[in-house]
Structures are given as C-alpha cells and as structure tokens.
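J.: please find the sequence and the predicted model below.
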Amino acid sequence: MNLSPIPLAIRTACPYCGVGCGVLATPVGDGAVIIAGDDAHPANRGRLCVKGSALGDTLSLDGRLLHPSVREDGALRQVSWDAALDKIAGGFRDIIAEHGPDAVALYVSGQLLTEDYYVANKLMKGYIGSANIDTNSRLCMSSAVAGHKRAFGEDLVPGCYDDFEQADMVVLVGSNTAWCHPILFQRISAIKEARPEFKVVVIDPRRTATCELADLHLPVKPGTDVWLFNGLLSYLARNGKVDAGFVAAHTSGFDGALDVAEHDCADPLAVAKACRVEPEALLDFYRSFAATTKVVTAFSQGVNQSSAGTDKVNAIINCHLLTGRIGKPGMGPFSLTGQPNAMGGREVGGLSNMLAAHMDLDNPLHRETVQGFWQAPRIADKPGLKAVDLFRDIEAGKVKAVWIVATNPLVSLPDANQVQRALEKCELVVVSDIVAGTDTNAFADVLLPALGWGEKDGTVTNSERCISRQRAFLPAPGEARADWKALCQVAQRMGFDGFDFDGPHQIFDEHARLSAYRNTPAAAPRAFSIGGLRGLTARQYDELEPVQWPVSPGGAGTARLFADGGFAHRDGRARFIATATRAPVHMPDAEYPLVLNTGRVRDQWHTMTRTGKAARLSGHVSESFIDMHPQDALKFGVREGELARVSSQWGAMVARVQHGGGIARGGVFIPIHWNGQTASDARVGTVVNPAVDPISGEPEFKHTPVTIERFGVSWHGFILSRSDLPLDGVAHWTRIQGQQFTRYEMAGRGAIPDHGAWARALLGVADAHADWLDYADRSGAVYRAVHIVNERIEQCVFISPRSDLPSRAWLESLFAKDELSQLDRVGLLSGQAAEKGVDVGPTVCSCFGVGRNTICDAIRANRLTTAAEITACVKAGGNCGSCVPELKQLLAQTRAAEALA
Ligand SMILES: Nc1nc2c(c(=O)[nH]1)N[C@H]1C(S)=C(S)[C@@H](COP(=O)(O)OP(=O)(O)OC[C@H]3O[C@@H](n4cnc5c(=O)[nH]c(N)nc54)[C@H](O)[C@@H]3O)O[C@H]1N2
Ligand SMILES: Nc1nc2c(c(=O)[nH]1)N[C@H]1C(S)=C(S)[C@@H](COP(=O)(O)OP(=O)(O)OC[C@H]3O[C@@H](n4cnc5c(=O)[nH]c(N)nc54)[C@H](O)[C@@H]3O)O[C@H]1N2
Ligand code: SF4
Ligand SMILES: [Mo]
C-alpha cells in the first residue's frame, strides 16, 4: 500500500512586520504551502493579517535569484560560489590594504535573522576593525533607539502587547496601525469592542484606516509632535499630575525639561495653533491623558522619521516619566518596530554607532569586553557612517566597497538618485538578495543568491522583545545560501578565524554568551541578556519557544522592565530630556509649496519584491498615487484619476491623483512601494529630501517640500496579458500582477497613427490570422482590441483620450474563463460588461477578492449597519480581518451618500 505521509505543519514566524506573528506553514508538494496562524504564539494567538495570510502566494521561484554572478565587461555573468566569494574577499582585502578599514562598508537590514546580523557585525567591528556597518534600521528605528538610550540608558522597550489590552487608553502617534501592525490593531479593536469606554486616540496628519477605531483623531500639522507632547508635559505638571515620588526616586532632569516645554508650549491655545488642531480636541486629549492612569503611547514612523525624531520620542517618554506610568501593567511608551527583526539587529549592535549586545563603541570597557570575548584582532573605536552619510561618502570616493544585504537602497533611501550615483561610482558593489531583478541589483558587481523566508533558519525579535524561531520548511532553491554562511565564508577567505560556525544554533549560542559576558553590576552591566539561552544544543535551539528578553539564567523571559525604576543609566535613574521645539529642516516655499508625506499601504511590503508577486495583494491598491486635498488639486491644475508629476529640489516622480485620505491643504501623501521594476517613474525616494535627525541620523521621510503639475499625456490605456510585455516607449506605465495575467496601466504621448498595427506590435501578435477582435470609434482615438486563443482570452488592450476606461475587475474576471461566451465577446467590443453585477470594483477584501461595488451594493440592498453584517452577507472581512476598518469606512460613506440622495 502506498500511503503518502500526512504533511507536517512547521511553526515559524512571519517575515513582515514587527508584530512578529507565529505562522504554521504546511508544505503540500509542488512548492505549494498552506499558511495559517499559530494559535500557540503569544503575539497573534492564531490570527494573521492579509500579508501574512498571502505568504503562500509569494513563494514561487519566479524571478528568484538562484546563482552567484560577477560583472565582467559590463554584464553580470554566472560564476561559482568560490569565484564570487574570492572576488569579494580579494576586493575587500585590497581596498583595506591600500585605503584602510574605513574604505569598506556593509549595509544590512532588519529583515536579516539575528544570526546573520551577528556575524556581519562581528566581521566589520571586530575583524575588519571599522564600524562602517549600518542598516536600513537607520531609516526606521534609529530615533527610537536614540530616544531610549537618552531616557533609559539603554535601548529598551519597557512594555509588552498585553499592556495594550490592560490599558484604559491607547494613544497611537504617527502610526497607521490598522495597515502596518494589523494584528496588534485587531487586539486593540477587540478590547474596544469588549470595553467601549476604552479610549483610542490617533495622532496623524492623515485620516487613516486606523482612525476608524479612534474616539479622537488629532490631525496634527506634520512635524509638530514635540509641541504637542511638550504641551502635554506642561499641562500635566500644571494640573497636579506629577508622580512626585517616582520622579524624585527614579528620574533626573525634570525641571530642565519642564522649563523648556513651558517656554513655548505652556498655553494649550498656542500649542493647538502650532499643531493646527482644534483647541477643544487638544484639550480633550490632554484631559483624558491626565485622567487615565493606564495609558500606552505607541509610536511609529510619524515620530521616528523626522529631523526631530529623537526629540519626539523623548517628548513622549517625558510624559510617562512625569506620571510614573512606565513598567507597570497597562501603561508605558511603546515603540512599534517596523521590520520582523528590527529588534534583533539592535541586540547584536547592527547600527554603526553601536557595538554588540547593547554595548557602546565609545566605552573603553565595552570595547575591551567585546574584543576579549571575540578574541578579535582589533575592535572599531569610533562610530561608523550612518546610512545617508555612508552613501554620500561612497559617492565622494571615500568608501570604495559596499556589501548590501537584504535591503533595496535604490528605492528606500532618501535622495535615491544620489544613491544611484554613489553605486555607479563605487569600485566594488556586492548585493545579496533573493530576487533577481531589483533596482539595486542593477548596480551590483557581485550578486549573491540568498535563502529567503521558508528556506532560512534562525531567530527574530519582535516589538515586545519576544524572540521567535524562523524555521525552514522548503529546500534551498538553486545555489542560494544563507546570508550568515556567505558572510562567514568571505570572513574566512579574508584570513579571519572566529567564523567557523556549523549552523545558526552555534551563532545564537555565541550571541547568548556574549550577552551575559561580564554582565554584572561590577563589570559591564546591561539589561539586555539572554544568558539563560546559552548552550542550547541544535535540537533545543530548534525547539526554542517564543521568549521575551531579558532571559534569566533559568530561562524565564521578562514581560516588563523598570517595574521599580532600575533604569540602565549608571545611577539607575531615567532622564527627562529637554526637547526644544524646532521646525523640519526643509520648509515649503514659493517654488515648492506643498509638503510630501510618505508611507505604506495595507497590502504591499516595502519595495514589493515579495508582496508584488501575490495577485491577491495587488487589487487593493494597484498603482502608486498622490493623495491630496481637492482644492489643492484645483489650484495646481491636476485632476483626480489623472497623472501628475511631483517634484522637489532632489527629483521627480509620476503617479495618479486621488482624494479621500483626509489630507489637509498643503500636503500630499505618496506610498513608498513602487519602484523601477513595477512602474516607469513612481519611485518616491528620488523626491524625498536627505535631511536627517542630528542625533539618530534617521531621515526626514515624512516632510519634503514639493510641487505638483499635470503630467500631460494624449492617451490613457491598459493591457491585460497572459504573457509579460516590454513597454518601451510608453510615457508612463505600472505593472500589476494578476491571477492569470499581468496588467499594465499606461499613458502615452503623441498620436498613434494606426491603432491596429500599434496594438499588435505592443502585444507581440505577428500572426495575421490570429483571432483578433478590435473596435475603433469614429474619431479613431478610442480603441480596443482582444486577442483570443482557443476561445480563451489571451490579451486585451483598451485605449482612450480620457482616463475613464472600462472596469478592469470585469475584464480580469474573463481571464478565469476557459471559454468566452457570446455575451463576453459583445461586452469586449462595446467596452462594458453586458451582464449586470459583474463589475465588482476595486478589491477591498483581498482574502476573498471582494470588491467595493459588491460591498456597497450589499450595504444598500440589505440595509447593513455593521462590518459583521457585511461579512455575513458577502464574506468580506471574514478571514484575516485586515479590511474591517475599510468596511466601516464604506458603511459610513454609503450612509452619507444615501442621506444626501
Ligand atoms: N502593509 C505594510 N505594513 C508594514 C510595512 C509595509 O511596508 N507595509 N512596513 C513595516 C515597517 S518596516 C515599518 S517601519 C512600519 C511603519 O508603520 P507606520 O509608521 O504605521 O507607517 P507609515 O505609513 O510609514 O507612517 C505612519 C503614519 O505617520 C504619519 N505621519 C507623517 N508625518 C507625521 C507627523 O509629523 N506626526 C505624526 N504624528 N504622524 C505623522 C503618516 O501620515 C502615516 O499615516 O510598518 C511595518 N508594517
Ligand atoms: N520615502 C520613504 N522611504 C522609506 C520609508 C518611508 O516611510 N518613506 N521607510 C523606510 C523604512 S522604515 C524601511 S524599514 C525601509 C525598507 O526598505 P528596504 O529594506 O530597502 O525594502 P525591502 O523591499 O524590504 O528590501 C528588502 C530586500 O531584501 C530582499 N530579501 C528578502 N529576504 C531576504 C533574505 O533573507 N536575504 C537577503 N539577502 N535578501 C532578502 C528583498 O528581495 C528586497 O530586495 O524603507 C525606508 N524608506
Ligand atoms: S501583523 Fe501581519 S505582517 Fe505583521 S507579523 Fe502579523 S501576519 Fe505578519
Ligand atoms: Mo521600517
């Protein structure tokens, strides 16, 4: 009898956001993997958001980088691993010999596993002897790190997720939690449902999906958070909210911080004016904060990504110190981490101004401790270059070799055209990635294929300091190797010992031992210790359960820090930091009168190399957009649905104008995801200014002065095609992954003399006898054509002088059919569905592919009033729940529209 084995679910962790959900992955053959939430994981207790749920759709080997290659005569050619590693080690060695250790650099990522990160940092700081290793966490968490260090003496997040549930009020500052930390948002939503008096405050210039849960939304003027929290500090002090006992016993610097706050923020009316919010709303926030002991203030990139990012962090922490609301259940400041291992990278000291295991570069005792532990030949003795400076020094020729691992800086750094110039100039650019075609890979001299999620093995740490295992459940594809392995092999070829690891468990063990090494009050004390996880065997490491650091010698984790003070400064006290208000570095002027804010959308992850592969994630927001106030659109002569060009002093990009994000006048919002692979010219990083926070070096991604103008085109169009097409010569295009097809949105300039010939050339239909239906209106400007093969739609193209083209959703549904009906053909030629109800509209629920029209029709027809009723009626929201905030928005909008009608 031939019994096939029952597939086993592997417990692993999601590779996306810092919530750090546990995932059950079950490979079922042919590369297919069933994905589910892990009930036993404390972060998500079985739930997954839409990106996590779609992980199985991103694992195909299409587009994967499978072999090493080296540039020769201008082109990348496949080589052996040995040849590639020799080239890197030789190149690094020669450059160091001639120009010293600071002439080389590593630029790594919060998407590395802790073990990868550990060896990268060890190689650079202990063996090459330079601190020129920085990471994309510079663009993300570095202000939080700097704020924590200033306040607490060490980079420590005091609380945990349970605190949100135990709180009576949660303040979300610069965080679109609903879209960016969806499972934490669902946990908060569940509390709100159970305890309606639980208060949610959102502080964000935009009216985001997160605001659906808010009792109070403060749409602050971008960059004014320090005013807001200085004002709160002053209000709390003046209203008898100082926890004098706590302040006296556990803090210092209160008077100085209060003086500075009172300088221009003592009057709530003045603060309301500076922040451009209603005075009553501001006072509502201040009163609620004052009256509620159990408050969690969670913050993300609206705080960190600012030239005052570190001060914003400390202005928030100051308010928690003043009230003694820290380290106890249900209260505290809480930094939401972005990437899955943002926290792990900080543990190993991945930033250029940190050492390892929470030790400091500028502390001789720490340097000696780390060098002694590593038995390293040298140790970096000064901070290395921070990301923006690093790429500047590469362009200046001071840094001559860079190894980029698991990040796509040509898209994600500010002033991205400068990054391109830097990489063009750099003598040796090494890139390790999992995907063959990225904007950054195009500039690699050596390209290394890395293991991706599901193939690699190691640990990650989430926002609440919880260490989880990422476990492999797929074989290594092609010649791909783990990043730690490639790093160790280069180190060995450079003649360094100390990199002879047999597997990630040995690296983890070394990391755990270093965390405990001389970690005593008398020697070099640090709160970060995972000494209890020393000496795990490969098997114990494999079976490691999620645990929050610090981990005691007995192996117990820690949910909260600072319950009784005990801060990490030498004197055990936390510091109030005086945070003087200051405007962003670049302010709007006559030439660039608008302020550009950038951020994320629900269904895409960063530069889309993985989420961009999943058709079910492409329907929610298919193209980049420029969200702005309708009156500003009028003023600048741009129109909703049409293309516009946004430019700054640094660069320009093109996307479609939309309204609806609740953007105040004077601002525009553009998502960060689209890049040279997914659109002709939608890379927003080229526009973003490179100003940074003076302490953390984190870029001011949320505040760039820009202007906007029409992007004039003479026709609009789109293609759906079962095969990929090159769109050379089309003025603007976006490539969108569909279920059985690729969709191209496009727009062009100049007249098309012969539409038929043009369309056939574009779609690559050379055969004169192909089944080709087309239609042109009398003007000849509206044109559509369909290419049919064996009764099945193969391709179609629609062109019009206006942007009001037929519904994509309806046409996309035809690609699921094996045979077109007569009605379908009629519809194709008339440019609209011949049957009613087939146009579902843009996707709202990605899990079940439920469109906006379907939902709005159901709301109207069945008089639905709650999201749960929508789910019962049309399934939307019934799987991961990520679209529930939007369902609530649609309910409100439909009701409002009916009231008007
Ligand atoms: N879907 C999705 N989720 C993700 C990611 C992703 O790519 N896609 N990336 C992950 C990563 S690495 C990160 S770092 C996180 C980021 O998570 P978030 O920080 O929540 O996301 P962002 O959209 O970058 O920015 C958050 C908000 O800050 C607001 N903001 C802008 N300026 C200001 C200001 O001056 N003050 C205040 N108070 N708010 C302001 C913006 O309007 C925006 O809504 O998301 C993680 N989760
Ligand atoms: N304008 C603007 N820019 C921003 C931001 C913003 O809000 N506004 N946010 C910033 C923030 S917070 C962040 S975190 C960054 C993120 O920016 P990036 O880190 O540049 O974005 P990703 O697309 O996540 O890049 C990860 C790369 O690593 C590859 N990869 C995935 N897994 C592996 C692996 O296991 N090994 C290797 N070697 N490669 C792998 C992916 O294919 C991809 O090319 O963007 C920053 N840039
Ligand atoms: S919230 Fe979503 S993206 Fe974040 S870890 Fe959980 S499943 Fe992954
Ligand atoms: Mo991030």
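T.: The structure has been received and is ready for your questions. Ligands and ions are numbered 1, 2, ... in the order given.
J.: just the helices from the stretch 401-550 of the chain, written as ranges.
T.: Along the stretch 401-550 of the chain, the segments classed as helices by DSSP state H, counting those that start in this stretch run 409-412, 416-425, 483-493, 504-516, 538-542.
J.: and the first one, what does it pack against?
T.: Counting by 3 or more Cβ pairs under 8 Å, 6 or more residues apart in numbering; DSSP states H and E, the packing neighbours recorded for helix 409-412 are helix 416-425. Quick note: C-beta positions are derived from backbone N, CA and C, even for glycine.
J.: how is this protein partitioned into domains?
T.: With automatic domain parsing as the criterion, the domains of the chain are listed as 10-58, 69-141+352-548, 144-335, 594-710, 715-828, 843-900.
J.: the residue lying closest to residue 394 once chain neighbours are set aside and residue 685: what is the separation?
T.: Setting aside the residues directly before and after it, residue 394 is nearest to residue 422 in space (Cβ to Cβ, 6 or more residues apart in numbering), at 4.0 Å. According to Cβ to Cβ, to the nearest Å, residue 422 stands 13 Å off from residue 685.
J.: which of these two has more neighbours?
T.: residue 685 (28 against 25; other Cβ atoms under 10 Å).
J.: might one say that that one is in contact with residue 414?
T.: Yes. Assessed by Cβ atoms under 8 Å, residue 685 is found in contact with residue 414 at 6.3 Å.
J.: any idea how many residues pack against residue 704?
T.: So residue 704, with other Cβ under 10 Å, has 31 neighbours.
J.: look up which residues are beta-bridged to it.
T.: On the basis of DSSP bridges, residue 704 is bridged to residue 596.
J.: measure it to ligand 1 for me?
T.: Residue 704 is 11 Å from ligand 1, where distance means Cβ to the nearest ligand atom, to the nearest Å.
J.: pull the contacting residues for the residue nearest to residue 394.
T.: The neighbours of residue 422, taking Cβ atoms under 8 Å, 6 or more residues apart in numbering as the test, are 391, 392, 394, 395.
J.: name the nearest of those relative to ligand 4.
T.: Checking the contacts of residue 422 against ligand 4 with Cβ to the ion, the nearest one is residue 391 at 17.5 Å.
J.: tell me which helix or strand residue 892 sits in.
T.: Assigned by DSSP states H and E, residue 892 belongs to helix 884-900.
J.: in that helix, what counts as buried?
T.: Buried residues in helix 884-900, counted by 16 or more other Cβ atoms under 10 Å: 884, 885, 886, 887, 888, 889, 890, 891, 894.
J.: show me what it is packed up against.
T.: Packing partners of helix 884-900 (3+ Cβ pairs under 8 Å, 6+ apart): strand 843-845, helix 852-862, helix 867-874.
J.: and if we set it to 6 Å?
T.: Judged by 3 or more Cβ pairs under 6 Å, 6 or more residues apart in numbering; DSSP states H and E, the packing partners of helix 884-900 are helix 852-862, helix 867-874.
J.: any idea how far ligand 4 is from the one residue in the stretch 601-750 of the chain that gets nearest to ligand 3?
T.: Using Cβ to the nearest ligand atom, the closest approach of the stretch 601-750 of the chain to ligand 3 is made by residue 605 at 7.7 Å. The spacing between residue 605 and ligand 4, counted by Cβ to the ion, to the nearest Å, is 10 Å.
J.: that residue: neighbour count?
T.: Residue 605 has 21 neighbours, counted by other Cβ under 10 Å.
J.: same deal with residue 868?
T.: By other Cβ under 10 Å, 13 other residues sit near residue 868.
J.: how about residue 16?
T.: By other Cβ under 10 Å, 24 other residues sit near residue 16.
J.: same thing with residue 790?
T.: 8.
J.: ramachandran angles for it?
T.: phi 50, psi 50 (degrees, to the nearest 10).
J.: close to ligand 1: what parts of this structure are there?
T.: Within reach of ligand 1 by Cβ under 6 Å from any ligand atom, the chain has these residues: 17, 51, 140, 173-176, 179-180, 203-206, 208, 220, 222-223, 225, 300-302, 338-339, 597, 599-600, 602, 604-606, 702.
J.: one more time with 5 Å, if that's ok
T.: 17, 140, 173-176, 180, 203-204, 206, 208, 222-223, 225, 300-302, 338-339, 597, 599-600, 605-606, 702 (Cβ under 5 Å from any ligand atom).
J.: filter the residues you listed down to the ones near ligand 2?
T.: By Cβ under 5 Å from any ligand atom, the members of those lying near ligand 2 are 140, 338, 606.
J.: any chance of those in CSV, plus neighbour count and pLDDT?
T.: Formatted as CSV, these follow (neighbours: other Cβ atoms under 10 Å; pLDDT from 0 to 100):
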residue, neighbour count, pLDDT
140, 26, 98
338, 25, 96
606, 21, 98
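J.: CA atoms of the top helix by length along the chain as CSV?
T.: The single longest helix within the chain, with elements called by DSSP state H, is helix 81-99. Taking Å, rounded to 0.1, in the frame of the first residue of the first chain, the C-alpha atoms of helix 81-99 are listed here in CSV:
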residue,chain,number,x,y,z
TRP,A,81,30.3,30.5,-5.3
ASP,A,82,34.0,30.1,-4.9
ALA,A,83,34.7,32.6,-7.6
ALA,A,84,32.2,35.1,-6.2
LEU,A,85,33.5,34.8,-2.7
ASP,A,86,37.1,35.1,-3.8
LYS,A,87,36.2,38.2,-5.7
ILE,A,88,34.5,39.8,-2.6
ALA,A,89,37.3,38.8,-0.2
GLY,A,90,40.0,39.8,-2.5
GLY,A,91,38.4,43.1,-3.3
PHE,A,92,37.8,44.0,0.3
ARG,A,93,41.3,42.9,1.3
ASP,A,94,43.0,45.0,-1.5
ILE,A,95,40.9,48.1,-0.7
ILE,A,96,41.6,47.8,3.1
ALA,A,97,45.4,47.3,2.4
GLU,A,98,45.5,50.4,0.3
HIS,A,99,43.0,52.7,1.9
